[in-house]
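Participant: mind folding the following:
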Amino acid sequence: MQKQAAQINRMAVVVTAAGFSGRMGIPKAALAFDEKFTFAEQITQTFLKAGVAKVVLVVNADGMKQLKKSLFLQEEEKVEQVLNPFPEKERFFSLQTGLKTLTGFQAVFLHNVDNPFVNTETIRQLTNCFRPGSFMVPRHNHHGGHPILIAQEIVRDLTAFPDSTINLRAFLSRYPKIHCPVNDDRIHININTAKEYARYFGKPPRL
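Facilitator: Next up, the predicted model:
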């Protein structure tokens, strides 16, 4: 257990939330997860509870305005909110924007704000699967999901990669991939529309 804690204490997470949320109509980072937390807050507190050293939230200007309303996010010293000045660019650019704020970490989790159901067990299972120079993907019922975990060597290469329009999967294809069995089928969930939100939360999307 001590080995796991030492590893995860040397890890960070970048949460991408800079999209325009056109299909949802509301910034997904600010969507209500429950009566207490938004999506961004729920994801953040889960990763912090798991033991990561830093959480980076990458948002657009509208998303930044919403995050500023969160007392939890403003007061938590391990959280950094980063503005993506070009949200029209692809997700890879958001990842680069967030990763540029991080130095000296053994590995970094990459997560999307549209899956607020990430849990500490999955994060710790991925940590246990860690291998230097590789990326770790959670797997349930023969299908991968999120978050993924990338080693510092990949972090360095991704940050410096000149083509920010490349698909993340295509970029990662040049590195060793480690499948990490997990117990949670919610790693496959992506909530992108009002209908999908209602399916999981039983009500229309709201701030």
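Participant: shaky segments in the protein?
Facilitator: 1-6, 20-23, 207 (pLDDT under 70).
Participant: and residue 135, backbone torsions?
Facilitator: phi -120, psi 140 (degrees, to the nearest 10).
Participant: next: the one 4 residues further on.
Facilitator: The phi/psi pair for residue 139 (degrees, to the nearest 10) reads phi -140, psi 130.
Participant: burial of the closest residue to residue 135 other than its chain neighbours, as a residue count?
Facilitator: Leaving aside its sequence neighbours, residue 135 sits nearest to residue 150 (Cβ to Cβ, 6 or more residues apart in numbering; 4.5 Å). All C-beta spots, glycine's among them, are computed from the backbone N, C-alpha and C. Residue 150: 26 surrounding residues under other Cβ atoms under 10 Å.
Participant: helix or strand right after the helix or strand hosting residue 150?
Facilitator: Using DSSP states H and E, residue 150 sits within strand 148-151. Counting by DSSP H and E, the element after strand 148-151 in chain order, helix or strand, is helix 152-160.
Participant: now do the SS call for residue 96.
Facilitator: Secondary structure, DSSP: H, G, I helix; E, B strand; the rest coil: residue 96 is helix.
Participant: surely it touches residue 162?
Facilitator: No: here residue 96 does not reach residue 162: they are 10.3 Å apart, not a contact under Cβ atoms under 8 Å.
Participant: who has more neighbours out of the two?
Facilitator: Each of residue 96 and residue 162 has its neighbours counted (other Cβ under 10 Å); residue 96 has more, 18 against 5.
Participant: how about that one, what does it touch?
Facilitator: Each residue near residue 96 by Cβ atoms under 8 Å, 6 or more residues apart in numbering is listed here: 158-159, 161, 164.
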